[in-house]
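**Q** Sequence first, predicted coordinates after that:
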Amino acid sequence: MPDPFRDTPEQSAAGVTRHWLTRTFGGRTLLAGAGLKLLTRAARLVSDASALRVVDTIGDIALVVGAALLVRQLFGDVRGRLLWRVRRKLTVSYLFIGFVPALLIIIFFLVSGLILFFNVSQYVAAARIQTLVEQADFLAASAATGLQGAENRAELVRRLERRQTGAERAYPYASYAIVPSQACAAPSSGASVRATAPDDVLVAGPWRHVDPPRSLPAWIGCRPVNGLVAYTDAATEWGTRKDVPAHVAARGVAWPEDGRFAVVVDVPLTAPLMAKMQADTGIDYGEVSALRAVTIDRVRYECSGFPLAGHSLHENAAGPAADQAAGWKNPFTRPLGWVTFLSYVDWNSGGSCQASVGIRMTLVRLYQLISAAPVDVNTAFLSILALVGVLFLLIQIAAFVMGLSLARSITGSVHELFTGTERVRLGDFSHKIPISSRDQLGELAQSFNSMTRSIADLLQQKAEKERMEQELRIARNIQMSLLPSEPVTLPGLSVVAHCEPAREVGGDYYDYMNVGDQRLGLLIADVAGKGTSAALYMAELKGLMLSLSQLHTSPRELLINANTILSRHLDSRSFITITYAVVDVERRTLTYARAGHCPLIYVPGAYAPSRAAQILAPDGLVLGLQIDDGGRRFTRLLEEVTMPLGTGDVFLFYTDGLTEAMDGDGNCFGDARLGAIVQEHADAPFDELRDTILREIATFAGPAAQQDDMTMLLLRVEEIGADHRVSSAVLN
């Protein structure tokens, strides 16, 4: 899939948008869907056929499919572009593998702890309020039992006040009321009870939170009731105004046996009582709010929000600010806020509603509730737990920072290597990668720098080698030009030659030259060594032999004179082997001298009784050796031979490159094998004889590389007096 951010020539927003819409399948589908929609809209102006609705639906499908494909392709391209760098991939993988699971573990245990804390605090708060409701019911029931034996109204009041005084010690603002109810009176009720009028309410206690009830609502009937109640002032009907504050209290209603009145006991949830409950449970109660409406027997009751009337829940000396300051010093004693849910009853209507009560509780108090250990031990355990949590968090942060640092180190080195390879690809071998670490990546960067430095050196050497090869090719051409290329015109002789240097230039040399009427000089030489030095000596030898051949008719005297000259100029490690022959066509003789060169192979013509190949090797010392003054030893050892020529005689002058060619086992081709080949093909055309010799040597050597120059010169004596030119073929 092509990347529009890299492959398109236009990098502007318009160019990228054009690419997405015209060069991607999703964009083309989206354009096709839009085109169908436009066509159907235009066609509906003329006709409203059902086929147009089908086309319009197809257009909608194309729009949805095209948009989905574009979003998918865009997501893949953006992801590939953002995660192209290895650093980003490692960072993202580290986040998903290391950081995110650890963070989820922390969140899991934190949420679990908070759930445990809030559930326990809710349970404790609700249980404490329920206990308060049960205490209110108990106070009402005990008062109803204690008032049954009262003789008169005054006795009722006295007993009621005495019970209220006792209850107020435990429950501040506890209030009692006796509410007459003739509907629930038993037929055999006593005279002391009859003295109480139906509308006459007896009260004891402050009743500061609300006016005492003047009558019992109808929903109570004649049964005992207890629970939380919410109500308004006596002059305001409950639920008719949203801005009138309501009151909440634990209320109990109990009946004596005769049922002539009901004892109502209110324990309001005021600040002093809340402070006492906080001391008992460690929970600080806050505001109360109604949450929702409920329906009972198909009657809907609206529940309005309300605060506790006339009292602040933080009337203690310290207050929230002190709690917050203490929490900063010790986080375990700092209260955490939450809510608990309670059911309350509207006194006037009997509707049951849901209310929320704000609560605050400390971690130390929670641990005290679920543990029997002393406070100091609980605090110590919580401190250890907090210390472990902090250490875990610090270790996680340190691991995250170290992971990002390692990822940055690794990817930084990889990026530097990538930059280096790009520079090398563009041909800049001078770029060096900075080594910032001594790890394996640092060693890799150092190896890369060494590699580029080596490549630069190799390229320089390659350029130098190419220059030298070019010069050697020029030298080879020059050297080949020194070999004879012009035919000679002597009747009765055929000459063919071949020279193949082992390298670009070599030290082998052959030549033939006219040295007088009906006389031809033949020369083959081998300069010790290979390469340019041997080629230079070969060029010097050519000039020397051309000069001396015109001065000396005797091969022996020519070589003696040449040795005298060359021994003064050659270095002590160099020498030259040479065979020089003079063919006298008129006298039909061949005179030659061999100065340390390879033997001369001679195959007689058909006139001879035996045509066996002969290896001719007269004595002679190599040229150029500085072994004595004046070259007396060279002169004494050099031998000159003159032999008659007959029709069909074949002579082979050659260098040691032919006979010393070796096969894979190190065996040399040898003079005998070479002589047998010349003997077998002596009557063949010279070009064919030359090619046969080279082919046999190549077959013998096989894949082994040529180690020495191979040069040969073939001479055949033809019928004297024939009207033709002596030909010379020179192959380079």
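**A** Received, thanks. No experiment lies behind these values; they were computed from the predicted model shown.
**Q** quick one: buried residues of the helix or strand harbouring T340?
**A** Secondary structure assigned from DSSP states H and E places T340 in strand 336-346. Along strand 336-346, the positions that meet the burial threshold by neighbour count (16 or more other C-beta atoms under 10 Å) are L336, W338, V339, T340, L342, Y344, V345, D346. Where you see a C-beta, it was placed from the backbone N, CA and C, and this is true even at glycine.
**Q** Reduced to three states, what does I615 come out as?
**A** strand (DSSP: H, G, I helix; E, B strand; the rest coil).
**Q** Just to check, it is in contact with R673?
**A** No: using C-beta atoms under 8 Å, I615 is not in contact with R673; the gap is 11.7 Å.
**Q** Turn the buried residues of strand 336-346 into CSV, columns for pLDDT.
**A** Supplementary listing: these in CSV, determined by pLDDT from 0 to 100:
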residue, pLDDT
L336, 80
W338, 80
V339, 83
T340, 83
L342, 82
Y344, 83
V345, 82
D346, 78
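**Q** From those, pick the one nearest V229.
**A** Closest to V229 out of the buried residues of strand 336-346 is V345 (5.4 Å), distances taken as C-beta to C-beta.
**Q** Now do the contacts for G282.
**A** M361, T362, R365, Q368, L369 (C-beta atoms under 8 Å, 6 or more residues apart in numbering).
**Q** Any chance of those residues in a markdown table with pLDDT, distance to P484 and secondary structure as columns?
**A** Formatted as a markdown table, the contacts of G282 follow (pLDDT from 0 to 100; distance: C-beta to C-beta, whole Å; DSSP: H, G, I helix; E, B strand; the rest coil):
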| residue | pLDDT | distance to P484 | secondary structure |
| --- | --- | --- | --- |
| M361 | 80 | 120 | strand |
| T362 | 79 | 119 | coil |
| R365 | 73 | 122 | helix |
| Q368 | 70 | 122 | helix |
| L369 | 70 | 123 | helix |
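**Q** Which of these sits closest to F418?
**A** Relative to F418, and with distances defined as C-beta to C-beta, the nearest of these is T362, at 57.3 Å.
**Q** quick one: that closest one from A177, how far?
**A** Distance of T362 to A177, computed by C-beta to C-beta, to the nearest Å: 38 Å.
**Q** which residues pair with the residue nearest to S121 when sequence neighbours are not counted across the strands?
**A** When the adjacent residues along the chain are set aside, S121 lies closest to M361, with 4.2 Å between them (C-beta to C-beta, 6 or more residues apart in numbering). In this structure, M361 has the following beta-bridge partners (DSSP bridges): L336.
**Q** thought M361 was touching F117?
**A** Yes: A contact is recorded between M361 and F117 when judged using C-beta under 8 Å, the distance being 7.3 Å.
**Q** list the residues that contact both of those two?
**A** Contact with both M361 and F117 is made by residues L336, W338, according to C-beta under 8 Å, 6+ apart.
**Q** Now for F400, which secondary structure element holds it?
**A** Here F400, judged by DSSP H and E, is contained in helix 375-425.
**Q** ok, then the element right after that helix?
**A** Along the chain past helix 375-425, the next helix or strand (assigned with DSSP H and E) turns out to be helix 440-482.
**Q** by contact count, what packs against whichever helix or strand comes after that following helix?
**A** Tracing the chain C-terminally past helix 440-482 and defining elements by DSSP H and E, one meets strand 493-500 next. Strand 493-500 is packed against strand 508-516, helix 686-701, strand 710-717, strand 728-731, with contacts defined by 3 or more C-beta pairs under 8 Å, 6 or more residues apart in numbering; DSSP states H and E.
**Q** Using TSV, lay out these together with mean pLDDT and distance to T22.
**A** As requested, these are exported to TSV (pLDDT from 0 to 100; distance: least, C-beta to C-beta, whole Å):
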stretch	mean pLDDT	distance to T22
strand 508-516	86	72
helix 686-701	89	65
strand 710-717	90	70
strand 728-731	37	67
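**Q** Of those, which stretch is the most buried?
**A** Sort the helices and strands packed on strand 493-500 by mean neighbour count, taking mean count of other C-beta atoms under 10 Å, and strand 710-717 sits at the top with a mean of 24.
**Q** roughly how far is that strand from the heart of the chain?
**A** Going by C-alpha atoms, centre = their mean, to the nearest Å, the spacing between the C-alpha centre of strand 710-717 and its chain's C-alpha centre is 71 Å.
**Q** Kindly report the same for stretch 670-677.
**A** On the basis of C-alpha atoms, centre = their mean, the separation between the geometric centre of stretch 670-677 and that of its chain is 70 Å.
**Q** What of stretch 692-707?
**A** Distance of stretch 692-707 from its chain centroid, counting by C-alpha atoms, centre = their mean, is 57 Å.
**Q** In what element of secondary structure is A262 found?
**A** Assignment of secondary structure by DSSP H and E places A262 within strand 261-268.
**Q** So what are the sheet partners of that strand and their directions?
**A** Paired neighbours of strand 261-268 in the sheet (DSSP bridges): strand 175-180 (antiparallel), strand 247-254 (antiparallel).
**Q** what does the longest one contact?
**A** Meaning strand 247-254. Against strand 247-254 from outside (C-beta under 8 Å, 6+ apart): 129, 132-133, 135-141, 143-144, 209-210, 216, 220, 224-232, 262-269, 288, 306, 308-309, 344, 347, 355.
**Q** Among these, name the buried ones.
**A** Applying 16+ other C-beta under 10 Å to these, the neighbour count classes 129, 132-133, 135-137, 139-141, 143-144, 209-210, 216, 220, 225-232, 262-269, 288, 306, 308-309, 344, 347, 355 as buried.
**Q** Now, the residues you listed that are in strands?
**A** 225-231, 262-268, 288, 344, 355 (DSSP state E).
**Q** M361 and F117: who's more crowded?
**A** Relative neighbour count places M361 above the other of M361 and F117, with 24 against 17, counting by other C-beta atoms under 10 Å.
**Q** quick one, what contacts the more buried one?
**A** When contacts are counted by C-beta under 8 Å, 6+ apart, M361 touches F117, S121, V124, A125, G282, I283, D284, P335, L336, W338.
**Q** Which of those residues fall in strands?
**A** When DSSP E defines the strands, the subset of those inside them is D284, L336, W338.
**Q** Mind putting the residues you listed into a markdown table with distance to T642?
**A** Supplementary listing: the ones in strands among the contacts of M361 in a markdown table, determined by distance: C-beta to C-beta, whole Å:
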| residue | distance to T642 |
| --- | --- |
| D284 | 142 |
| L336 | 132 |
| W338 | 135 |
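**Q** what sits against W338?
**A** Listed by C-beta under 8 Å, 6+ apart, the contact partners of W338 are F117, F118, S121, Q122, G358, I359, R360, M361.
**Q** Name the member of these with the most neighbours.
**A** Going by other C-beta under 10 Å, S121 tops the contacts of W338 with 26 neighbours.
**Q** That residue and D284 touch, don't they?
**A** No: under the criterion of C-beta under 8 Å, S121 makes no contact with D284, lying 10.2 Å away.
**Q** hey, what's in contact with both of these two?
**A** With contacts defined as C-beta under 8 Å, 6+ apart, the residues adjacent to both S121 and D284 are I359, M361.
**Q** For E134, see how far away L369 is.
**A** L369 sits 20 Å away from E134, going by C-beta to C-beta.
**Q** Which of those two has more residues huddled nearby?
**A** The residue with more neighbours, out of L369 and E134 and counting by other C-beta under 10 Å, is L369; that gives 16 against 13.
**Q** check contacts around the more buried one.
**A** By C-beta under 8 Å, 6+ apart, the residues touching L369 are V120, V124, G282.
**Q** next one: phi and psi at L600?
**A** phi -100, psi 130 (degrees, to the nearest 10).
**Q** Identify, from the ones in strands among the contacts of M361, the entry nearest to D508.
**A** Closest approach between those and D508, by C-beta to C-beta: L336, at 106.0 Å.
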